[in-house]
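[1] Could you work out the structure for the sequence below:
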Amino acid sequence: MRHTFFKSAIAALLVAGFTSCADELNISSIDPQSSASTEEMPFIAKCYSVLGLTGQEGPSGKGDLSLNEGESGFYRVTFNCEELATDELIWAWQTDDGIPEFTAMSWDASTTRVNWCYTRLGYDITLFNQYIATATNDDYRNEVRFLRALHYWYYLDLFGRAPFKIDNDLKATPEEKVGADLFAWLDSELTDLEKVMQPIGTFNNPAGFGRADAGAAYLLHARLLLNAPVYGAKADYEGAMAKVDALINSGKYALATNEKNGYTGYEQLFMADNDENPEAMQEIIFPIRQDGAKTQCYSAANYLVSSMRTPGMPDMGTTNGWSCNFARGALIEQFFPNIEDCPLTTTRTLFTKKGKMLMPGEEDEEAHEAASEDEIKQADAYNKSDKDGIQAAAGDDRALFYGGEGGDKLRKRKTDKITSFFDGMSIVKWNNHRIDGAAVHGTEFPDVDVPLLRYAEAFMIKAECLLRTGDAPGAKDLLNSTIRSRAHATPINDLTERIMLDEWCREFYTEGRRRCDLVRFNCYTTRNYLWDWKGGVENGTTVDSRFNLFPIPTTDLQNNTNLHQNPGYINE
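    Below is the predicted model of the structure:
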């Protein structure tokens, strides 16, 4: 395949309806085989790279799409759709394009950030189809088939339908697959991939880390089957359990449970050396690879680390504190049912000129507010509002929040008005530090590999399936012996559907999947569960059921008459 591929085929691609408008693909050469080399590795590297990168140059310039490059990466656009309109996060800057619509669940067919997601999925699938059609290495081809299935799963989960095309004929208009039909294709495709991909755990090692083997296919398949009723298919909880049992019985993975250098096993999953630390690697089934020197972008790890920090926070791990994403009150209440029990600094701490912290009631004419990082850390430890203090108060290793003095304002536990990054607790789950204390590749762009699929999900899926098939005691025992034991959390006494949903949040918050779980439990748009600012109301309200799915962009409907809009939406 020559470098002219995208230039000569772009018109047909647009007519085929895979993009939303005529300028949404950068039509400069992006074919990694444009060189004289016939090796397939450069092209498969491009296929993997689109999970975490946004173009060919990095961190910006020569973007894959002629959209806002920093905002249109695969992980960032899918994360926003799965997280920003849930009980977990609020984006501080409500004047940003499309952000109020996420916060209040009020998007429509013209909402920019929704359209970016739809476009990115279509662009990536087009790339994958080209590779699959031209590859000669079956192993590589099967890995890219998995990446394509992953993207179609996102189409199914977010949009309920997809412009479907699995060949490289750009003159052919994609058909539409909706709900159960798209589910059936994914079910069949993943069944086949489980047989032909490299065996479970093949790439769970330093040499292969980041490539997809059958373990990734089994876990994605289990997730698909768990959500079958949402997708218009028949419930298959036994099938989902069979898939995760294949992972559990393989002996190739394990939960990260051992503390190292003051970091819990759970914390190590989200640190800068999670691609080198065996404790983390044993749990991460499929990551998005990141490196502060070689994979510079404003999506993936950089988005996760930088958007949740502000200048002045201690142990930043990055020089980019964007001051954007903070915790909704409902997320804090997952760990503190009485939110007032969550430690928080409410008064600035004073220090003497010599750096001595003043206790309440003490005075000093030259006293100043905490300013240096050492002073802030000392004050935070005293107030128990640092990460360690909040973890201890929650009795759960997963409570990775910060309520201290770092930054220019004091924080709130829960806001009555969205005005700034300090209107909620800060989340410090994603951490650009190494477990061994060594230097990272860079502080502007983090090294943290993003665990897209990790082993803990297998236990969560099995527990939920047991619960839904009538074995609540078995589900409870499984959660207590694996997920909650690893977190050093109090065992669950009586497992209900709502507690199961809450446990999904506690284990996977800010990992790009919360909306999916809320929809499955019928808690996303309904009055069954209200959270702060749901529907744009401080204490939450119900929203129309159409918001269980995102709309198909109007421009795509205009380009492809095979496509239809989701119920309840008007084409803008």
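[2] how about the helices in the stretch 51-200 of the chain?
    Taking DSSP state H, counting those that start in this stretch, the helices of the stretch 51-200 of the chain run over residues 74-83, 99-104, 112-134, 138-159, 180-196.
[3] Can you add mean pLDDT and mean neighbour count and give the ones you listed back as CSV?
    (C-beta placed from N, C-alpha, C; glycine too.) Shown next, in CSV, are the helices of the stretch 51-200 of the chain (pLDDT from 0 to 100; neighbours: other Cβ atoms under 10 Å):
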stretch, mean pLDDT, mean neighbour count
helix 74-83, 98, 24
helix 99-104, 97, 20
helix 112-134, 96, 23
helix 138-159, 97, 22
helix 180-196, 98, 18
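[4] Please spell out which residues along the helix or strand where Glu238 lies are buried.
    Glu238 belongs to helix 237-250 when elements are defined using DSSP states H and E. By neighbour count, and taking 16 or more other Cβ atoms under 10 Å as the criterion, the buried residues in helix 237-250 are Tyr237, Gly239, Ala240, Met241, Ala242, Lys243, Val244, Ala246, Leu247.
[5] Which residue, neighbours along the chain excluded, lies closest to the second one?
    Sequence neighbours aside, Leu225 is the residue nearest to Gly239 in space, at 4.8 Å (criterion: Cβ to Cβ, 6 or more residues apart in numbering).
[6] dump the residue contacts of Gly55.
    Applying Cβ atoms under 8 Å, 6 or more residues apart in numbering to Gly55 gives the contacts Asn26, Gly61, Lys62, Gly63, Asp64, Glu69, Cys297.
[7] Distance check, the fifth one against Met313.
    What that stands for is Asp64. In this structure, Asp64 lies at 32 Å from Met313, with Cβ to Cβ, to the nearest Å as the measure.
[8] rewinding a little: for the buried residues of helix 237-250, give me CSV that also has distance to Ala489.
    What follows is the buried residues of helix 237-250, written out as CSV (distance: Cβ to Cβ, whole Å):
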residue, distance to Ala489
Tyr237, 25
Gly239, 29
Ala240, 24
Met241, 24
Ala242, 28
Lys243, 26
Val244, 21
Ala246, 27
Leu247, 23
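[9] rewinding a little: just the contacts of Gly55 now: which is nearest Arg76?
    Each of these was scored against Arg76 by Cβ to Cβ, and Cys297 proved nearest at 8.8 Å.
[10] about what we covered before: tell me the one among the buried residues of helix 237-250 nearest to Gly98.
    Gly98 has its nearest neighbour among the buried residues of helix 237-250 in Ala240, at 33.6 Å by Cβ to Cβ.
[11] contacting residues around the closest one?
    Listed by Cβ under 8 Å, 6+ apart, the contact set of Ala240 reads Ala222, Leu225, Leu226, Ile461, Lys462, Cys465.
[12] Quick check, the last one in contact with Leu226.
    Yes. Using Cβ atoms under 8 Å as the test, Cys465 is close enough to Leu226 to be in contact (6.8 Å).
[13] And the closest residue to Lys412 other than its chain neighbours, how far from Pro278?
    Nearest non-adjacent residue to Lys412, counting by Cβ to Cβ, 6+ apart: Asp423, 5.5 Å away. Distance of Asp423 to Pro278, computed by Cβ to Cβ: 39 Å.
[14] again, but for Glu267
    15 Å.
[15] Tell me which of these two has more neighbours.
    Glu267 (24 against 12; other Cβ atoms under 10 Å).
[16] Average pLDDT for the helix holding Glu238, rounded please.
    In this model, helix 237-250 carries a mean pLDDT of 98.
[17] How about stretch 521-532?
    When the per-residue pLDDT values of stretch 521-532 are averaged, the result is 98.
[18] Mind listing residues that contact that stretch?
    Residues lying outside stretch 521-532 but in contact with it, judged by Cβ under 8 Å, 6+ apart, are 86-87, 105, 328-330, 414-415, 497-498, 500-501, 515, 518, 538-545, 547-548.
[19] Helices - which of these land there?
    Using DSSP state H, Gly329, Ala330, Glu497, Arg498, Met500, Leu501, Arg515, Leu518 are the members of the contacts of stretch 521-532 that sit in helices.
[20] Residue most distant from the centroid, the chain?
    Glu365 (48.9 Å; Cα atoms, centre = their mean).
[21] Turn the helices of the stretch 51-200 of the chain into a markdown table, including distance to Ile284.
    Conversion of the helices of the stretch 51-200 of the chain to a markdown table gives the following (distance: least, Cβ to Cβ, whole Å):
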| stretch | distance to Ile284 |
| --- | --- |
| helix 74-83 | 15 |
| helix 99-104 | 28 |
| helix 112-134 | 21 |
| helix 138-159 | 15 |
| helix 180-196 | 19 |
